[in-house]
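[1] sharing a sequence plus its predicted fold:
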6 protein chains.
Amino acid sequence: MIDIPAHVKLHDEQFALPYNFGGLLPEYTAFERSQVVILPIPYEQTTTYGSGTRDGPRALITASRNMELYDEELDAEVYQVGIHTLRELEPQASGPQAMLERIAEVTRELLRHGKFVVGLGGEHTVSAGLVRAFAERYAGLSVLQFDAHTDLRDSYHGTPFNHASVMRRVSELAPVVHVGIRSLSREEADWIKQRGSQLFYATQVLSTPDIATPITNALTDHVYITVCLDAFDPSIMPAVGTPEPGGLGWYDVLRIARRVAEHRHVVGFDVVELFPIPGNLAPDFLAAKLVYKLLGYRFHAGNPHSG
Amino acid sequence: MIDIPAHVKLHDEQFALPYNFGGLLPEYTAFERSQVVILPIPYEQTTTYGSGTRDGPRALITASRNMELYDEELDAEVYQVGIHTLRELEPQASGPQAMLERIAEVTRELLRHGKFVVGLGGEHTVSAGLVRAFAERYAGLSVLQFDAHTDLRDSYHGTPFNHASVMRRVSELAPVVHVGIRSLSREEADWIKQRGSQLFYATQVLSTPDIATPITNALTDHVYITVCLDAFDPSIMPAVGTPEPGGLGWYDVLRIARRVAEHRHVVGFDVVELFPIPGNLAPDFLAAKLVYKLLGYRFHAGNPHSG
Amino acid sequence: MIDIPAHVKLHDEQFALPYNFGGLLPEYTAFERSQVVILPIPYEQTTTYGSGTRDGPRALITASRNMELYDEELDAEVYQVGIHTLRELEPQASGPQAMLERIAEVTRELLRHGKFVVGLGGEHTVSAGLVRAFAERYAGLSVLQFDAHTDLRDSYHGTPFNHASVMRRVSELAPVVHVGIRSLSREEADWIKQRGSQLFYATQVLSTPDIATPITNALTDHVYITVCLDAFDPSIMPAVGTPEPGGLGWYDVLRIARRVAEHRHVVGFDVVELFPIPGNLAPDFLAAKLVYKLLGYRFHAGNPHSG
Amino acid sequence: MIDIPAHVKLHDEQFALPYNFGGLLPEYTAFERSQVVILPIPYEQTTTYGSGTRDGPRALITASRNMELYDEELDAEVYQVGIHTLRELEPQASGPQAMLERIAEVTRELLRHGKFVVGLGGEHTVSAGLVRAFAERYAGLSVLQFDAHTDLRDSYHGTPFNHASVMRRVSELAPVVHVGIRSLSREEADWIKQRGSQLFYATQVLSTPDIATPITNALTDHVYITVCLDAFDPSIMPAVGTPEPGGLGWYDVLRIARRVAEHRHVVGFDVVELFPIPGNLAPDFLAAKLVYKLLGYRFHAGNPHSG
Amino acid sequence: MIDIPAHVKLHDEQFALPYNFGGLLPEYTAFERSQVVILPIPYEQTTTYGSGTRDGPRALITASRNMELYDEELDAEVYQVGIHTLRELEPQASGPQAMLERIAEVTRELLRHGKFVVGLGGEHTVSAGLVRAFAERYAGLSVLQFDAHTDLRDSYHGTPFNHASVMRRVSELAPVVHVGIRSLSREEADWIKQRGSQLFYATQVLSTPDIATPITNALTDHVYITVCLDAFDPSIMPAVGTPEPGGLGWYDVLRIARRVAEHRHVVGFDVVELFPIPGNLAPDFLAAKLVYKLLGYRFHAGNPHSG
Amino acid sequence: MIDIPAHVKLHDEQFALPYNFGGLLPEYTAFERSQVVILPIPYEQTTTYGSGTRDGPRALITASRNMELYDEELDAEVYQVGIHTLRELEPQASGPQAMLERIAEVTRELLRHGKFVVGLGGEHTVSAGLVRAFAERYAGLSVLQFDAHTDLRDSYHGTPFNHASVMRRVSELAPVVHVGIRSLSREEADWIKQRGSQLFYATQVLSTPDIATPITNALTDHVYITVCLDAFDPSIMPAVGTPEPGGLGWYDVLRIARRVAEHRHVVGFDVVELFPIPGNLAPDFLAAKLVYKLLGYRFHAGNPHSG
């Protein structure tokens, strides 16, 4: 829109900010010049409780248009790296397997062009498609999962590709470090012990001042971050499907993310499971700002990999 | 619940009505003695606009517990035929094809036991599973579709099993009479002309006093009715995904349904696409009462097939 | 978005429909080739009752992306005339006078390029800015107002530029025919009598089968239509600020609009005062379809001015 | 509020309309000079389905502050009779019997001072308290009930004072004419036949052009009107607890009410069972305008009792 | 439901989890084998502010069906003790006194059969009925109250049986320890001083690391716990009628509850005053998980009384 | 209301609490005897994101009617100073400048009569009108701003009088101390450095135990407090337009406010930007209690200026 020819005298600034992540003007969003690509994936399988993640990307992007674009913590205007927002990826209605392959395909193509890809869910399942492409590209990748649940069931509702199984699928591609956990099944608990996976319970994060260090140490050099928003405490993030009490605070997550960004190479990330609550903008806003902070840490936090 | 042993002195009437269609007490809901079985199918594929049909069966059944069980039009207490409400059929997350097969399987089993099956959606797609079982059982079946849309697309979002294609699938099993239509694509319009299908636009229904007669005449002896709730005018049925203005009134649909029930053998029906609107009980209530009226017409409207 | 270069292999059809009126693909939305331009004006003054028209354009456009684009009444694919949707016009916070001038300015520029302009409110006040530009261009213009209220107060809340005064301002530019009225002050009633303005009460429209003829006769050759959505009955259009019972039906408005389009030259129109109700898509959908029907009547209804 | 002394220079008109029925300024609301008294009774018993009538009076009064105060049907400014709005009557938490006695007491006192009393529910139960006081004052009173349900159960949930029994209680005080009925139990149907009560089904009202005449004829000279809002069709009045499809239209009720007001002495009325739906103002507005129309018919419709 | 005979081949696992606390399958819910009985009491008196506790039990149970049933803190599958969920206890509409007697009666019967009773409100008033039965059974009972308010008014709205007076009534049966208080009247403050009741303000709980010890010490050997959910901070529990800022955190309450369960004999408990907020599942989920944690502490926390 | 003459026997206590701040009875609200005047200003300019501050004052006052009026921290019944609540100040629709002048005018008049004025927004812009009157009356005034944003833009949306510029306007009248900031533009950051303004970031407040002291020290003797509610963390105050994560807690703000009240002369204050969320009473309640706590600190916290 507003792609009108020059001889028509309509001034861009008389019109509302474009609909894209950050509400950025064209000079910061062209595909070629953008280091970052936002890939919205409003995918949601049929489920029986708490639905609405399909509206997540839209709500997050809408909120992002009202964010302050200057980051005072980093003294940086992060958007200047260029952020291109794709239209929402269409669901593949024939089933989750086809959908994950489509996500992987699109991601591969974006990585091929050197983009820093940020996936926005949709339900957590989409991460399995994203990580597939990242694991192919980055040998020795590890995954940092912020989540209330381990999501390590082997299968669920007749399919191995499901929000409750997604990290089991991911763990077949790369080792996972689980952070913020406070709900899991006995089978998941046993599987973790057997595998020797690294798990940091929410209570550990909340009671250990320097938890960022052991978490960072548990990760390999190339790190993909997946943030299931229910990792946060429901007080600040009620807009999720299974809001488990006793979760992480805003600064808890930022501290860990910043440290990881400073000491590891963050190659991409996703933010998933936003179920917008009509009338309550706070969770959408938090999710949008989280994406922007993660980009800031990645591109401005004094990391040799940055910039 | 309240399956407590006799020596425990808790009186059933001190507790709320059971959660089932009609809020019926056990003497009217046991499987063996019930002529009618309600099959709730809260199935919804991933879509990008207006979601919530997965809550439809629950909302309809909840509303039904507040209906008056005496039908003064028929001077009948319809529930006395026995109405057994099944728990909700679980979604099959591996894809729509598997889901439709599961629906057909369950329906077949219920028909085998001589039950009159009422499907509650969920999205319209589920009708394709239901009709599969009915068409197997009743040779020469025809289908009466109340709907704003023809739903005759050949495929959609990468699958032939979708709410926009459901009646195309159904029409492969039995001839369909479309009633209430006011929105279709050129391709669908062409397909209907080619096929010579019977289509009654909403405007025809609204302006023709005795439209029930030609509609009935267009049907074979055994009739399955599928009611997509968007056939109704959005004034009385806003709780649908694509509420097309200019639809049918409450008495328009009842008059047609009653005449069909009196002159044909209604073998089963479904009511689909209820997207409950939080705080607005009216659409849920209409849908519940519609189910009860259809049962009343089937079992009490002086039809040789009744009773 | 999806303005990505050709060598990047992302297929447009894998992504959601673009965000514009009708969800049209680029070949139908380029400014130069589009006969129609949609101008969203989410303007709303500070008021104390029922607010939300600022979300109206967004809701209408969102709903329009799910409309069937084929119009079976006209057997036409109306979008093929080309429909360009501008970004939302920014509010001018310094006051209503500055805002109306901005609206007039933008409209003038669009008319200069031969576009058929469709304004989407926002509150009714915006029509005063739109009509200003149209009245300058079309000598002898008359205005057809669908509305529950006459909006003829001389001033309100300390300004003459207000939703309650808008048609008083418009009537200073062109004669107005009021249709659907069912609420007015004694002063407004007196002013109309004095002026000899043409007014058709809702009760007249509802009880007079061929009301379209006298309404059309009351209009000059060039007609601008302003639809305040509260003209419709609240049963189908509850999403307005002052929903007056006893209003017009869907087909009542269409019949009048079609006749006017066939016998007069409709030069532009607006649809205003949509206050979206969270969770109820029906009013948004009606408003979107109304815009599309009006475009259809204008460009396909066998009028010598069409095409 | 704004009871500030004269030497303080705050101008009343700089502040929002007072919170009372009609948003009237003090010269039209003083108790002594007001012919009409509005008595809000936000009473609601504990129930298990659809709750919210306790917010009904507040929503109705809020909506009334945005009504046009001139009635163009009657060419009258009805508020000039003076309308005093009382604060909400507190619920009596000790049980319904005590509450009904309190309502009767307050009503008696208002009638003693010659006021025309308008009760605003709250649930329908409150009418039993109101009618008690009216029946004491007016010998030979009859009651006109607009309702979807007869409300004639003998008792319910362990008490004879309940929304489902209210008209049974009322019928012990005065004969009742039931209008708009479309849902009743077999016991209620039998009781009516036995009693020979006058009942006009919704279908009769909708299909009989001059139904107002037989309804009026069924009433005695002094008439109390009780409007349970579910008498209206849910399309225009979804904001009720059990919204039965197939109800009355706006003009249906007005026509009957006007004729009754012209040929009988309307001594008082109530409007009950408004369950406001958050975000949907239309039902509140209809209810407010209904009160104002009924007052208009009573005081301005050329009835020898008026004025 | 799904009480279908064995020869009908419908597989239980194809259908949704049963509607009961935990969504447990029949082997864990039969009355005889269940140690725990859940008694939902959706009782709410007529009040004028913030209503909705009548939907509390339903929301809590619905949420509980999505809880993880394994408790990793206790390494236990708590549901294996057997949890039978009764249907909702019907309100007694004749007044609060009759209702409390009914609650006491049902509770007595359940205690007689050796059940561990968990009451779910509904408004706090219901605790007075529950405690009546417990105090009869357990001599020397004391009550641990988590609450923002003391609820010690002598009477309110014309009845001594009211949510604002409930703990005054309870204190007539057993000594009460108040925890989390941050709002009370002067009269309540004076009464507490006079009585020498133990009161722990929210600020004390928040600033005293080992507050669990003095709280436990203040209790007798047999303890009944009543949790008014407004004890929690509104950040995690906004779904209450009077959400007082500055309340308790999730882990604050758990720590106290666990210590009490380890050092005293918890004989039963209730969780009351859940006012579900449409669209916000987090409070419902917290309340459900709280019930499950309290059961876990009671039956698995290494207490000689457990098991 | 309830201004009925003495010979009419209606007892005030049978009716609901009056609609004013605190729900106070007439003896505590007469203008002359009230030390405090509440001035509700539901002003909101046209904006494009998150709207609803116009409902803020009404929601806050409604919530305040359910507050406990005894303050146990201060052992005081604060309302006894007399609190007069004005009707809402009407918006001036001609533009923000006229509106601010109207606010200043009314405030001046109230100060002239020695009232302690409390402004309730509405959007933050209104503070510029309030401070204008206060700065005229109190030489050497300073302003304590609780806020997430500095609001120091020079102009915005074509006007210098806007919620994003309000503190720039205020800073032209009096020095401002900014507390709770966590979002600002580079230009604002630069302006602050240049001006040497005192700014306390949210992170500083959260990590510095005795932050109240330096904040108090930064203020002059006469202090006006403006509380933009987004200063609070969104967990307890989601009901704002741009809810920035990482904000202040309830006790953080109280501690600062109390210390300032004890060591400085608080001459007035406002609480602005409450955007009520339908169904969530917690933020409204917090805002109401904040007003009451600030009044308590001002009039009872052992300050020589108090009383």
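    Ah, there it is. In this text the structure is predicted, and so the values were computed from the model without any measurement.
[2] how about the helices in chain A?
    Remark: helices assigned in chain A by DSSP state H are A:56-64, A:96-112, A:126-137, A:166-171, A:186-195, A:202-207, A:212-217, A:250-263, A:282-300.
[3] which one of these lies nearest to residue C:173?
    Nearest of the helices of chain A to residue C:173, taken as CB to CB: helix A:56-64 at 36.7 Å. In short, each C-beta sits where N, CA and C put it, glycine included.
[4] residues contacting that closest one, please?
    A:19-23, A:38, A:40-42, A:85, A:88, A:120-122, A:271-276, A:281, A:284-285, A:287-288, A:291-292, F:49 (CB atoms under 8 Å, 6 or more residues apart in numbering or on different chains).
[5] what do you get for stretch A:5-22?
    Outside stretch A:5-22, the residues that reach it (CB under 8 Å, 6+ apart) are A:1-2, A:4, A:23-26, A:28-29, A:38, A:61-62, A:64-65, A:67, A:69, A:79, A:83-85, A:288, A:291-292, C:1, C:19, C:31-32, C:42, C:86-90, C:102, C:106, C:109, C:113, F:48.
[6] around chain F, which positions in chain A sit nearby?
    A:16, A:62, A:65-70, A:72, A:77, A:233, A:235-236, A:250-251, A:279-282, A:285-286, A:289 (CB under 8 Å from any CB of the partner chain).
[7] swap the cut-off to 6 Å and go again
    Within chain A, the positions near chain F by CB under 6 Å from any CB of the partner chain are A:66, A:68, A:70, A:235, A:236, A:250, A:279, A:280, A:281, A:282, A:285, A:286.
[8] and which of the residues you listed is nearest to residue D:143?
    Using CB to CB, residue A:279 comes nearest to residue D:143 of those, at 41.8 Å.
[9] who are the contact partners of the closest residue to the closest one other than its chain neighbours?
    Closest residue to residue A:279 apart from its sequence neighbours, by CB to CB, 6 or more residues apart in numbering or on different chains: residue F:277 at 4.8 Å. Counting by CB atoms under 6 Å, 6 or more residues apart in numbering or on different chains, residue F:277 touches A:279, A:280, F:239.
[10] now residue F:277: how far from chain D?
    Distance of residue F:277 to chain D, given as CB to the nearest CB, to the nearest Å: 11 Å.
[11] tell me which residue of the stretch 1-150 of chain A lies closest to chain B.
    Chain B sits closest to residue A:95 of the stretch 1-150 of chain A, with a gap of 2.9 Å, by CB to the nearest CB.
[12] check contacts around the spatially closest residue to residue A:258 that is not a sequence neighbour.
    Once flanking residues are discounted, residue A:258 sits nearest to residue A:297: 4.9 Å by CB to CB, 6+ apart. Residues in contact with residue A:297 (CB under 6 Å, 6+ apart) are A:257, A:258, A:261.
[13] any idea how far residue A:297 is from chain C?
    Distance from residue A:297 to chain C, by CB to the nearest CB: 26 Å.
[14] return the per-residue confidence for that residue.
    In this model, residue A:297 is scored at 98, pLDDT.
[15] also residue A:47?
    On the pLDDT scale, residue A:47 gets 58.
[16] return the per-residue confidence for the closest residue to residue A:140 other than its chain neighbours.
    The spatial neighbour of residue A:140 that comes closest, neighbours along the chain excluded (CB to CB, 6+ apart), is residue A:220 at 5.1 Å. Looking at residue A:220, its pLDDT reads 98.
[17] residue A:13 too?
    80.
[18] so how many other residues sit close to it?
    Other residues near residue A:13 come to 7 when the count uses other CB atoms under 10 Å in any protein chain shown.
[19] with residue A:140 instead?
    10.
[20] the one 3 residues further on too?
    Residue A:143 has 25 neighbours, counted by other CB under 10 Å.
[21] show me what it bridges to in the sheet.
    residue A:176, residue A:224 (DSSP bridges).
[22] residues contacting it?
    Counting by CB under 6 Å, 6+ apart, residue A:143 has contacts A:170, A:174, A:176, A:224.
[23] taking these together, which two end up most distant?
    Comparing every pair within these by CB to CB identifies A:176 and A:224 as the most remote, at 9.6 Å.
[24] from residue E:256, how far off is residue A:277?
    Residue A:277 is 30 Å from residue E:256, where distance means CB to CB, to the nearest Å.
[25] before we move on, what about residue A:115?
    For residue A:115, the distance to residue E:256 - CB to CB - is 51 Å.
[26] quick revisit: just name the closest of the contacts of residue A:297 to chain B, please.
    Looking across the contacts of residue A:297 and measuring by CB to the nearest CB, the closest to chain B is residue A:257, at 29.5 Å.
[27] show me what contacts that closest one?
    Taking CB under 6 Å, 6+ apart, we find residue A:257 in contact with A:294, A:297.
[28] circling back to that earlier point, do I have it right that the residue nearest to residue A:140 meets residue A:142?
    Yes - under the criterion of CB atoms under 6 Å, residue A:220 makes contact with residue A:142 at 4.0 Å.
[29] and residue A:40, how many residues sit next to it?
    Neighbours around residue A:40, by other CB under 10 Å: 24.
[30] was I right to think residue A:267 contacts residue A:137?
    No - applying CB under 6 Å as the test, residue A:267 and residue A:137 come out as separate, 7.8 Å apart.
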